[in-house]
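> Quick one, what's the 3D model for this:
(2 chains)
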Protein chains: 2
Amino acid sequence: MSSDQQHKEKMQKQKEKIDANIAAANIEKGVAILLTGNGKGKTSSAFGMVLRSLGYNKKVGVVQFIKGAQNCGEADYLRAACPEVELYQMGTGFTWNTQDKAADTRAAEKTWLVADRMLKDTSLDLVVLDELTYMLGYKYLDRDTVINGIAQRPPEQSVVVTGRGGGKALRDIMDTVSEVKDIKHAYKSGIKARQGVDY
Amino acid sequence: MSSDQQHKEKMQKQKEKIDANIAAANIEKGVAILLTGNGKGKTSSAFGMVLRSLGYNKKVGVVQFIKGAQNCGEADYLRAACPEVELYQMGTGFTWNTQDKAADTRAAEKTWLVADRMLKDTSLDLVVLDELTYMLGYKYLDRDTVINGIAQRPPEQSVVVTGRGGGKALRDIMDTVSEVKDIKHAYKSGIKARQGVDY
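Purely as a prediction, here's the structure:
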């Protein structure tokens, strides 16, 4: 059998497998996605889904926990080019910069109110909750409140949560969980964080 | 010591560690990033970096290997809203749909010419080579040609490669490698791929 023929048969088998999986997945609903792990690509992936949704003129809401005190190209872009995207940033910076638990808790709770409103808004197709996991890790937000808010959103709404950790209870209610593993990071070879790539 | 005081000290230590790492990373150059693994979030992460770069008015080129035959919200968005982004799609669909090695090889080689031109273009700040790894896995493209093209790009240019696998030689020349692990996927619970999220 020629190499081309072998290739054709291998591809045919792969196609049959993929087609069968696609046929089996027929539930139409919004998905809850958690992007966790310590590697690069969690927030950027969430924003890629924002861009993807905008390609179909879908309505998007974005809440960024932590971020807002530093440069953030993705937020700048949305503000300038996509005023129809609802964007809210907690704006207190990384919590290790403030070192004030009471103030961080207040900021997180205020930000959660915005997230919770979006999670009840049937007009939104996609809600991004960027870096939400840290709010749970530091206990700035009540875990059950957050989990119920996500679980009880409108069935057609998709939600993307990013951040390291998050805990088992959060993972359990998500449809898709990806763990982004840091195999290698430019940072560790002394390369400075890059505008447009890292922030 | 109060819980608030403990929190403050923990945050202070974390801040010192982060600050020291940031101070140590002082090389300014474009970064080469590989997003690999079998989980959801590789292509979307690359497009998040496109959006991030556009937030700083940076010049971006995107080459999508494989994609182009199916719906693709991110490409639709860029074509409609960002005509300044150079976008090229191989357009043959997933290779297991064609099962024709010679035709796929010709399509891949033609697409590589576009990628290679972008990798030599000093005006581009970011080049995305989406799903490139499969071209190497199926041997549609010569590994050394691809690796040299990426390694010899302008020093200020960042490049993002996505796709499962890719091989050791490719990993070796990348500055950052993230492996997106599939912990759980909606697909496997019977949930249909979602417009704006999965494509």
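> Determine the number of other residues adjacent to A:Asn148.
14 (other Cβ atoms under 10 Å in any protein chain shown). Yep, even glycine has a C-beta here, placed from its N, CA and C like the rest.
> er, A:Lys40 actually
25.
> Next one: it from A:Ile18, what distance?
28 Å (Cβ to Cβ, to the nearest Å).
> the longest helix in chain A is where?
helix A:3-24 (DSSP state H).
> what about dumping the CA coordinates of it to PDB?
What follows is helix A:3-24 as a C-alpha-only set of coordinates in PDB (Å, rounded to 0.1, in the frame of the first residue of the first chain):
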ATOM      1  CA  SER A   3       2.200   6.100   1.600                       C
ATOM      2  CA  ASP A   4      -0.600   8.200   0.000                       C
ATOM      3  CA  GLN A   5      -3.000   5.400   0.400                       C
ATOM      4  CA  GLN A   6      -2.100   4.900   4.000                       C
ATOM      5  CA  HIS A   7      -2.500   8.600   4.600                       C
ATOM      6  CA  LYS A   8      -6.000   8.500   3.000                       C
ATOM      7  CA  GLU A   9      -7.100   5.600   5.200                       C
ATOM      8  CA  LYS A  10      -5.700   7.100   8.400                       C
ATOM      9  CA  MET A  11      -7.500  10.400   7.600                       C
ATOM     10  CA  GLN A  12     -10.700   8.600   6.700                       C
ATOM     11  CA  LYS A  13     -10.700   6.800  10.100                       C
ATOM     12  CA  GLN A  14     -10.000  10.100  11.900                       C
ATOM     13  CA  LYS A  15     -12.900  11.700  10.000                       C
ATOM     14  CA  GLU A  16     -15.300   9.000  11.000                       C
ATOM     15  CA  LYS A  17     -14.300   9.300  14.600                       C
ATOM     16  CA  ILE A  18     -14.700  13.100  14.600                       C
ATOM     17  CA  ASP A  19     -18.000  12.900  12.700                       C
ATOM     18  CA  ALA A  20     -19.400  10.400  15.200                       C
ATOM     19  CA  ASN A  21     -18.400  12.700  18.100                       C
ATOM     20  CA  ILE A  22     -20.000  15.700  16.500                       C
ATOM     21  CA  ALA A  23     -23.200  13.800  15.800                       C
ATOM     22  CA  ALA A  24     -23.300  12.700  19.500                       C
END
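> Report the buried residues of it.
Within helix A:3-24, the residues scored as buried using 16 or more other Cβ atoms under 10 Å in any protein chain shown are A:His7, A:Lys8, A:Met11, A:Lys15.
> distance of A:Asp144 from A:Leu35?
From A:Asp144 to A:Leu35 the distance is 22 Å (Cβ to Cβ).
> and if you look at A:Arg117?
23 Å.
> In terms of neighbours, single out the busier of those two.
Set side by side, A:Arg117 and A:Leu35 show more neighbours around A:Leu35, with 32 against 16, by other Cβ under 10 Å.
> Relative to the helix or strand containing that one, what are the paired strands and their orientations?
Using DSSP states H and E, A:Leu35 sits within strand A:32-36. In its sheet, strand A:32-36 lies beside strand A:158-162 (parallel), strand A:176-184 (parallel), with partners assigned from DSSP bridges.
> Which ones among the buried residues of helix A:3-24 also lie next to chain B?
With the criterion set as Cβ under 8 Å from any Cβ of the partner chain, the members of the buried residues of helix A:3-24 near chain B are A:His7, A:Lys8, A:Met11, A:Lys15.
> wait, isn't the first one in contact with B:Ala103?
It refers to A:His7. No: the criterion here is Cβ atoms under 8 Å, and A:His7 misses it with B:Ala103 at 11.2 Å.
> Could you pull out the helices in chain A for me?
Using DSSP H, helices in chain A cover A:3-24, A:42-54, A:73-81, A:95-98, A:101-119, A:132-137, A:143-151, A:168-173.
> looking at the ones you listed, which is buried most?
helix A:42-54 (a mean of 28; mean count of other Cβ atoms under 10 Å in any protein chain shown).
> Return the list of helices and strands in contact with it.
strand A:32-36, strand A:60-64, helix A:73-81, strand A:126-130, strand A:158-162, strand A:176-184, helix B:42-54, helix B:73-81 (3 or more Cβ pairs under 8 Å, 6 or more residues apart in numbering or on different chains; DSSP states H and E).
> For B:Asp172, find the nearest of those.
strand A:176-184 (9.4 Å; Cβ to Cβ).
> List of residues touching that closest one?
Applying Cβ atoms under 8 Å, 6 or more residues apart in numbering or on different chains, the set of residues contacting strand A:176-184 from outside is A:31-42, A:45, A:171, B:37, B:39-41, B:171, B:174-187.
> Read off the pLDDT value for A:Lys13.
A:Lys13 carries a pLDDT value of 80.
> right, I mislabeled it, should have said A:Asn97
pLDDT at A:Asn97 comes out at 60.
> low-confidence ranges in chain A?
A:1-2, A:68-69, A:93-98 (pLDDT under 70).
> what residues are up against A:Ala115?
A:Val63, A:Tyr88, A:Val127, A:Leu129, A:Leu132, A:Gly149.
> try 6 Å
A:Val63, A:Leu129 (Cβ atoms under 6 Å, 6 or more residues apart in numbering or on different chains).
> Please report how far it lies from A:Gly37.
For A:Ala115 relative to A:Gly37 (Cβ to Cβ), the value is 22 Å.
> same question, A:Ser189
20 Å.
> which one of these two has more residues nearby?
Each of A:Ser189 and A:Gly37 has its neighbours counted (other Cβ under 10 Å); A:Gly37 has more, 27 against 12.
> Endpoint to endpoint, stretch A:49-62 covers what distance?
Criterion Cα to Cα, to the nearest Å; first-to-last residue distance in stretch A:49-62 is 11 Å.
> distance between it and the chain's centre?
The chain centre lies 13 Å from the centre of stretch A:49-62; the measure is Cα atoms, centre = their mean, to the nearest Å.
> just checking, A:Val31 touches B:Ala193?
No: contact criterion Cβ atoms under 6 Å: A:Val31 and B:Ala193 do not qualify, at 9.1 Å.
> More neighbours: which of the two?
A:Val31 (24 against 13).
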